[in-house]
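Peer 1: Next come a sequence and a model predicted from it.
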Amino acid sequence: MDLYICEKPAQGKDLAGVLGVRQYNDGYITGGDIAVTWGFGHLYEQLMPEDYDPRYEGYDSWSDLSLLPFVPTSWGYKMKEKTAKQAKTVLGLIQKASTVYISTDFDREGEAIGRILLAQANYKGPIKRVCLTALDNQSIKKALANVKDGSETLPLFHAALARSRADFLVGMNLTRLYTALARSIGFREILNIGRVLTATVNLVCERERAIASFQPTPFWTIQAQVNTTKGSFKASWKPPQTHADANGRCNQGDFARGAAQACNGAAAQIVRSEQTPESETAPLLFDLTSLQQYANKRWGYTADEVLAIGQALYEKHKLLTYPRSDSRYLPQDQQGDVPDVLSAMVKTDPSIAGLVQLVDPERKCRVFNDSKVTSHHGIIPTFQAGSIDSLNEQERNIYDIVRRYYLAQFLPAHEYLRSEITVQCGPHLFLATGNVTTSPGWKSAFGSDIDIDPPDEEVADEQEGTGSAALPAVVTGDACILAKTELGEKVTRPLPYFTEAALLGAMENIARFETNEQLRKVLNEKSGIGTPATRAGMIEGAVVRKFFVRKKRAIRATDKAHALMAILPPAIKQPSMTALWEQDLDRIEDGTIPVAAFEAKITNWVCSMVNQLKAAAPVLSQADGPMAKAFEAAMPQKHECVFGCGGQMMRFKGSNGMFWGCQNAECKKTCSDSRGKPQKPLASDEDAPDCPTCGGPTKLRKGKPKDGKRAQNFWGCCDYPNCKGILPFVKPKPGAKGKLRIFNS
């Protein structure tokens, strides 16, 4: 039997339809000598420390530093409880299979899903790989016609294995260690530390520290209205180097004021006028990161939202190819598919037919480059014809911009005339630039109301005096007048807070944030932390773990994040280490280094870090030591125990909101939060009166609303329903004891 293992049920049903198998069973589809089954993502997960050794069970074990470092002697997996039934179904089918076709997503994790299942079933037969990049029928047929031997994609599994083991070793050891240190100074939250998570959090914290310490400095600008016989335009003053900072800004106010006054209304001359024809090729296709950046800048979508939208367009609507791509190119052989893709686009949305008629499907363009294609190619529309009306607003937005980027590849270059004019007034120079489109080319795919590249909040404002407006056709030597000059006094600004788009860009190109020159040279230009498929989840995970909060479009670090980064050594938090590990994972995927060598390096590093930190633990965790000082702002609020034990209560966030808990081991009572302060319960069991019917104990109960009135508290017999004695509860007035009215039911 040929068995095809897919990643999800929808993927399995699509593949089964093309294979012609139609008999649906519980967890698989059969037909003839073919079976198609699926997972729900991973059906197995790594064993946890307590699965290897019972000493690691329970949260209390986290305080025992003698248990660290923890390194498994052999690695194991366990079946996920929620999907155990499906896992058993798949294992049973594998044992009957003569050939297995791994048909999961064609990436590291997809490969791991299939390989782990085969290992658990002890499968020894032939393995083939179906490289699915889209789920429309034509793309599936193409993948089935180009099945790879399993040996060709085994390095993908090795890279996934190495990544998961590295994350386990770093996360399990350092999270437990720092959480234990924090507990010793009264901080009770878990301090998650991860290979990618911590480096990402540190990026945001470092940016915020730079903003907080930034010292603004003043500078001056001059804008001039230039009048000539051939027209008027605006130009910006270019201060001489002797009166400017390293960025060319005038930092001497008296000199700027003098220049503005001297040039106001003065005669001047055009000393340079140049017009240069320029051309611009279409932007590359989207990979996941660039699509997330675009959508965040234009519509404010989070990276996680964009991934979910892309996944829906891939799995549900089948209108886009695999979204978790890290390539912006296409294989050369897809040039022949262009007419079919264009036809499907028009059937999906007839309103785009006019634009499609402008493109040249045979146009040779840079996007077709086999050497730049990884496991997946750039995100493009599929051969599948759907209905644009079936998409919600977010799906339509993403589909629309992806198809326009695809169409742009088959349109000519955008051509324009770039003009530069230099004006001289005495010793002072003014510059104006402008662009005039001569042929729209690929920009026709977007129209005037669509941002081709929305402005990046990280990029400084465009210089004054530049723009896209046409400049008059002046020539060198023409006379002119500076009809009006405007002096502007400004101050330098710090870099802005990270937006999600900017943070994704930082994670993708980490070398520009490395301060160590030697490390920067080692890092590739495209060295990153995480992968396109994991970065969105990493940012979302930092929010869930209370390291990040979203404030409008900005990603801000919490006090907890700043506290943790303050006490972590650079070796743990600097992104360069993580980026270098990512390079090693790429080499494992290429088959150039073995998993064992990478694992040994990570193990040695983790053990060294843990042992160093354990040795420093007595100093770090002192009452007035580095940990206590770092976490001062992040510590929960404190209040004297309202139950009168003399201890301190601390404020925590629980599943039902904020609450207070006493830290006195002999008390440990909790109560609800009222506007940031502990609220003692209206009454406790110690205050309970005796039952008026049987004389036994009572407890405070809450009645039901009646006749539109609010529910009332009352004392009810603990022996209910055998005894139905009750007493009304009267809330005590401040400073006085409440009175109880006693009656029998």
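Peer 2: Yes, it's here.
Peer 1: How many residues are close by the nearest residue to residue 511 once chain neighbours are set aside?
Peer 2: Among residues not flanking residue 511 along the chain, residue 523 sits closest, at 4.1 Å (Cβ to Cβ, 6 or more residues apart in numbering). Yep, even glycine has a C-beta here, placed from its N, CA and C like the rest. Residue 523: 22 surrounding residues under other Cβ atoms under 10 Å.
Peer 1: thought residue 523 was touching residue 579?
Peer 2: Yes - contact criterion Cβ atoms under 8 Å: residue 523 and residue 579 qualify, at 5.6 Å.
Peer 1: Quick check: neighbours shared by these two?
Peer 2: 510-511 (Cβ atoms under 8 Å, 6 or more residues apart in numbering).
Peer 1: Identify the single longest helix in the chain, thanks.
Peer 2: Assignment by DSSP state H gives helix 150-184 as the longest helix of the chain.
Peer 1: ok, then the element right after that one?
Peer 2: helix 197-213 (DSSP states H and E).
Peer 1: Give the buried residues for the helix or strand following that following helix.
Peer 2: Once the chain leaves helix 197-213, the next helix or strand it forms, by DSSP H and E, is strand 218-228. With burial defined by 16 or more other Cβ atoms under 10 Å, the residues of strand 218-228 counted as buried are 219-224, 226-228.
Peer 1: partner strands of the helix or strand just after strand 218-228, parallel or antiparallel?
Peer 2: Downstream of strand 218-228, the next assigned helix or strand under DSSP H and E is strand 231-238. The pairing partners recorded for strand 231-238 under DSSP bridges are strand 218-228 (antiparallel), strand 428-439 (antiparallel).
Peer 1: just to revisit the earlier point, any idea of the angle the longest helix of the chain forms with helix 197-213?
Peer 2: Between helix 150-184 and helix 197-213, the angle comes out at 50 degrees (axes from the mean of the first three to the mean of the last three Cα atoms, to 10 degrees).
Peer 1: Mind giving me the packing neighbours of helix 150-184?
Peer 2: helix 108-120, strand 127-129, helix 575-590, helix 595-620, helix 626-630 (3 or more Cβ pairs under 8 Å, 6 or more residues apart in numbering; DSSP states H and E).
Peer 1: Columns mean neighbour count, distance to residue 483 and mean pLDDT on top of the ones you listed, output as JSON lines?
Peer 2: Formatted as JSON lines, the helices and strands packed on helix 150-184 follow (neighbours: other Cβ atoms under 10 Å; distance: least, Cβ to Cβ, whole Å; pLDDT from 0 to 100):
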{"stretch": "helix 108-120", "mean neighbour count": "23", "distance to residue 483": "64", "mean pLDDT": "96"}
{"stretch": "strand 127-129", "mean neighbour count": "21", "distance to residue 483": "71", "mean pLDDT": "98"}
{"stretch": "helix 575-590", "mean neighbour count": "20", "distance to residue 483": "52", "mean pLDDT": "88"}
{"stretch": "helix 595-620", "mean neighbour count": "16", "distance to residue 483": "67", "mean pLDDT": "95"}
{"stretch": "helix 626-630", "mean neighbour count": "19", "distance to residue 483": "59", "mean pLDDT": "92"}
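Peer 1: Let me have those in JSON lines, adding distance to residue 408 as columns.
Peer 2: Shown next, in JSON lines, are these (distance: least, Cβ to Cβ, whole Å):
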{"stretch": "helix 108-120", "distance to residue 408": "30"}
{"stretch": "strand 127-129", "distance to residue 408": "33"}
{"stretch": "helix 575-590", "distance to residue 408": "30"}
{"stretch": "helix 595-620", "distance to residue 408": "40"}
{"stretch": "helix 626-630", "distance to residue 408": "50"}
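Peer 1: on that earlier part again, report the contact partners of the residue nearest to residue 511.
Peer 2: 510-511, 514, 576, 579-580, 583.
Peer 1: Look at the most centrally placed residue in the chain and give its secondary structure.
Peer 2: Closest to where the C-alpha atoms of the chain average out (Cα atoms, centre = their mean) is residue 536, at 2.7 Å. Classification of residue 536 by DSSP: H, G, I helix; E, B strand; the rest coil places it in helix.
Peer 1: so what's it up against?
Peer 2: Per Cβ under 8 Å, 6+ apart, neighbours of residue 536: 292, 302-304, 306-307, 504.
Peer 1: again with residue 670
Peer 2: 659-662.
Peer 1: 7 Å - rerun?
Peer 2: 659-661 (Cβ atoms under 7 Å, 6 or more residues apart in numbering).
Peer 1: ok, residue 157 touching residue 111?
Peer 2: Yes - the criterion here is Cβ atoms under 7 Å, and residue 157 meets it with residue 111 at 4.5 Å.
Peer 1: for the stretch 251-400 of the chain, what spans make up the helices?
Peer 2: Remark: helices assigned in the stretch 251-400 of the chain by DSSP state H, counting those that start in this stretch are 253-263, 288-299, 303-315, 338-348, 353-356, 393-408.
Peer 1: helices and strands around the first one, which ones?
Peer 2: The reference is to helix 253-263. strand 218-228, strand 479-491 (3 or more Cβ pairs under 7 Å, 6 or more residues apart in numbering; DSSP states H and E).
Peer 1: between those, which gets nearest to residue 79?
Peer 2: Set against residue 79 and scored by Cβ to Cβ, the helices and strands packed on helix 253-263 come closest in strand 479-491, at 61.0 Å.
Peer 1: What mean pLDDT does whichever helix or strand comes after the closest one get?
Peer 2: Next along the chain after strand 479-491, taking DSSP H and E as the criterion, comes helix 500-508. On average, the pLDDT along helix 500-508 is 94.
Peer 1: which other helices and strands contact helix 500-508?
Peer 2: By 3+ Cβ pairs under 7 Å, 6+ apart, helix 500-508 packs against helix 197-213, helix 288-299, helix 532-544.
Peer 1: What confidence value was assigned to residue 229?
Peer 2: The model's pLDDT for residue 229 equals 95.
Peer 1: Kindly report the same for residue 735.
Peer 2: pLDDT, residue 735: 45.
Peer 1: try residue 681
Peer 2: Reading off the model, residue 681 has pLDDT 65.
Peer 1: Where does the residue nearest to residue 316 when sequence neighbours are not counted sit, in terms of helix or strand?
Peer 2: Excluding its sequence neighbours, the residue lying closest to residue 316 (Cβ to Cβ, 6+ apart) is residue 10, at 7.3 Å. Following DSSP H and E, the helix or strand that holds residue 10 is helix 9-19.
Peer 1: Residues in contact with the next helix or strand after that helix: which ones?
Peer 2: As assigned by DSSP H and E, the chain's next helix or strand after helix 9-19 is strand 23-25. Under the criterion Cβ under 7 Å, 6+ apart, residues 29-31 lie in contact with strand 23-25.
Peer 1: By pLDDT, rank these and give me the bottom one.
Peer 2: Within the contacts of strand 23-25, lowest confidence goes to residue 31 (94).
Peer 1: Adding neighbour count, write the contacts of residue 536 out as TSV.
Peer 2: Output for these, formatted as TSV (neighbours: other Cβ atoms under 10 Å):
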residue	neighbour count
292	28
302	19
303	26
304	18
306	26
307	23
504	27
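Peer 1: I'd like to know which of those is nearest to residue 498.
Peer 2: For these, the nearest to residue 498 is residue 504 (9.4 Å; Cβ to Cβ).
Peer 1: shouldn't that closest one be in contact with residue 301?
Peer 2: No - counting by Cβ under 7 Å, no contact exists between residue 504 and residue 301, whose distance comes to 11.7 Å.
Peer 1: circling back: what is the nearest of the contacts of residue 536 to residue 75?
Peer 2: Nearest to residue 75 among the contacts of residue 536, with distances taken as Cβ to Cβ, is residue 307, at 28.6 Å.
Peer 1: ok, now how distant is the closest residue to that closest one other than its chain neighbours from residue 707?
Peer 2: Spatial nearest neighbour of residue 307, chain neighbours left out: residue 536 (4.8 Å); criterion: Cβ to Cβ, 6+ apart. From residue 536 over to residue 707 the distance is 52 Å, taken as Cβ to Cβ, to the nearest Å.
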